[in-house]
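> I'll drop the sequence and a predicted model, then ask my questions.
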Amino acid sequence: MKRADLVLHPVRLRIILAFARGRRLTPQQVAAVLPDVPQATLYRQIDRLYRGGALAVAAERRVRGAVERTYVLAEGGASISPEGLAKASRDDHLRYFTAFATGLIAQFEQYLERSDIDLLKDGVGYREVVLNLSDEELMEMAAALNSALGRYLAYESRPGRKRRMLATVLFPLDDHHDLS
């Protein structure tokens with residue numbers, strides 16, 4: 001199985017998302033991020049991602065006679081080739097999107113379980129907008145967003161900075177309102 005195709009599985013996709021932005025995690029820490037995934041399934045899928053080259057061992061330490069591994073995304077480990085996506089069926093895409101949305105919901109639920117949430121101070125927001133764009137305007141918007149976000153993606157973790165999730169979803173709506 002090719003490394004890129006490894007992530008085309010809902011649980012493995014959610015595991016990969018847990019490692020986003022260079023996070024280093026033990027299997028126990030991944031289990032805390034994905035509490036709805038049975039532990040045996042989680043450990044089996046982490047091992048599969050490791051054996052397939054999507055995850056790499058960042059550190060090892062002895063814990064009560066066993067070796068505890070800390071994993072990190074391998075270089076290019078989370079990428080899915082355009083060919084892999086193109087070959088995926090409609091049902092596959094629905095499963096991938098469901099895994100993506102489920103991961104977001106689980107992370108938001110984890111945030112809401114904190115005792116000290118302040119949605120305004122924390123910058124929490126969610127909304128839906130409909131844009132009326134030509135293909136060229138869509139490409140222009142995508143370039144502007146990438147340009148605007150690029151600077152912030154390079155920021156390293158340090159005191160005073162909170163890790164924040166920004167998720168975007170973009171897809172065309174039905175076309176019976178298309179006037180082109």
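Happy to help now that I have it. Numbers count the residues shown, from 1 in each chain.

> By mean pLDDT, which helix or strand of this structure comes out lowest?
Lowest on mean pLDDT, DSSP states H and E among the helices and strands of the chain sits helix 3-6, with a mean of 48.

> For the following helix or strand past that one, buried residues please.
For helix 3-6, the following helix or strand on the C-terminal side (DSSP states H and E) is helix 10-18. The neighbour-count criterion (16 or more other C-beta atoms under 10 Å) identifies Pro10, Val11, Arg12, Leu13, Arg14, Ile15, Ile16, Leu17, Ala18 as the buried residues of helix 10-18. To be clear about C-beta, it is placed using only N, CA and C from the backbone, and glycine gets the same treatment.

> Distance from helix 10-18 to the middle of the chain?
Distance of helix 10-18 from the chain centroid (C-alpha atoms, centre = their mean, to the nearest Å) equals 7 Å.

> in which helix or strand would I find the nearest residue to Ala58 once chain neighbours are set aside?
By the measure of C-beta to C-beta, 6 or more residues apart in numbering, the closest residue to Ala58 outside its immediate chain neighbours is Val72, 4.2 Å from it. Secondary-structure element containing Val72, defined by DSSP H and E: strand 66-73.

> same for the helix ranked longest in the chain, what does it pack against?
Criterion DSSP state H: the longest helix present in the chain is helix 90-112. Counting contacts by 3 or more C-beta pairs under 8 Å, 6 or more residues apart in numbering; DSSP states H and E, helix 90-112 is packed against helix 10-18, helix 27-33.

> what's the helix or strand following it in contact with?
Toward the C-terminal end, the helix or strand that comes next after helix 90-112 (DSSP H and E) is helix 119-122. By C-beta atoms under 8 Å, 6 or more residues apart in numbering, the list of residues contacting helix 119-122 from outside reads Tyr111, Gly125, Lys162.

> quick revisit: so which pair among the buried residues of helix 10-18 is furthest apart in space?
Put simply, by C-beta to C-beta the two of those set farthest apart are Pro10 and Ala18, 13.1 Å from each other.
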